[in-house]
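**Q** Provided below for reference: sequence and predicted model.
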Amino acid sequence: MDEWVKTFTLLWAVIDPVGTIPVFLAVTRSCEPSTSRRIALQASGFAALVLLFFILVGQAWLDAMDVPLQAFQISGGIVLFLFALSMIFGESKPEEELRLVAKVGMEKAVFPLAIPSIAGPGAIMAVVLLTDRHRFSLEHQLVTTGLMLLVVLVTLLLLLAASRIQRLIGESGASMISRIMGLMLGAVAADSVLSGIRDYFQLSP
């Protein structure tokens, strides 16, 4: 059970459903409620498909490149750690992606909502790491995939209730939550790097 809680927490941190709310409100500011709901559905669905795609083919790419598991685990942990630092010390997810809104025209559901707000680089890296078949059983991979879909579903529900949530927590609240998620993600990323080093050098835990 603790393992699934850890996995869910990691996926929640990298997808950051709460941090997507200000971005969603910005891109749908001039839309009718029905259009906003359709954009939320499309963005969540497309993001889920992107993450499922990397779950299915990410391992094949690693095998084709003959990359050792420990090397990918270490590099993936470093990337996630840098992503976490950007969430903590740089612009938070809402602040960074709100700047992209002014640059988009059509296809709001795809950019910046589905990518990079929901299915960003950190989320893609995380799902590949968490479903590595050399480390995890098929059952574990299926449960992880289910947890990822659950987080995306929660993201959709939050987007559908975005206006009410925004009035409750404000943009500063979303920014604060994003930074807290960055702290949690940094801890998980550091653990991934340390585990990869330990396994590579065959050190005792």
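**A** Ah, there it is.

**Q** show the model's pLDDT score for residue 95.
**A** Per-residue confidence for residue 95 comes out at a pLDDT of 56.

**Q** also residue 19?
**A** Looking at residue 19, its pLDDT reads 81.

**Q** check which helices and strands the host helix or strand of it sits against.
**A** Assigning secondary structure by DSSP states H and E places residue 19 in helix 17-27. Applying 3 or more Cβ pairs under 8 Å, 6 or more residues apart in numbering; DSSP states H and E, one finds that helix 17-27 makes contact with helix 33-65, helix 93-101, helix 138-160, helix 162-200. Bear in mind the C-beta positions are built from the backbone N, C-alpha and C, glycine included.

**Q** tell me which helix or strand of this protein sits lowest on mean pLDDT?
**A** Least confident element among the helices and strands of the chain, by mean pLDDT, DSSP states H and E: helix 93-101 (a mean of 56).

**Q** just checking, next helix/strand downstream of that helix?
**A** The next secondary structure element downstream of helix 93-101 (using DSSP H and E) turns out to be helix 121-130.

**Q** picking up where we left off before, for the helix holding residue 19, the distance to its chain's centre please.
**A** The gap between the average C-alpha position of helix 17-27 and the chain average comes to 14 Å, counting by Cα atoms, centre = their mean, to the nearest Å.

**Q** same deal with stretch 133-142?
**A** Averaged over its C-alpha atoms, stretch 133-142 has a centre that lies 20 Å from its chain's centre (Cα atoms, centre = their mean).

**Q** run through who's touching that stretch.
**A** Stretch 133-142 is contacted from outside by 55, 59, 69, 130-131, 144, using Cβ atoms under 8 Å, 6 or more residues apart in numbering.

**Q** let me know the closest of those residues to residue 158.
**A** Sorting those by how near they are to residue 158, with Cβ to Cβ, puts residue 144 at the top with 21.2 Å.

**Q** now stretch 153-164: mean pLDDT?
**A** Stretch 153-164 shows a mean pLDDT of 94.

**Q** re earlier: hmm, which of the contacts of stretch 133-142 is lowest in pLDDT?
**A** The pLDDT minimum for the contacts of stretch 133-142 sits at residue 69, where the score is 68.

**Q** thinking again about what came up before, which PyMOL command selects the buried ones in the contacts of stretch 133-142?
**A** In PyMOL, selecting the buried portion of the contacts of stretch 133-142, with burial taken from 16 or more other Cβ atoms under 10 Å, looks like this:
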select buried, resi 55+59+69+130+131+144
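
**Q** since that was my last question, I'll sign off now.
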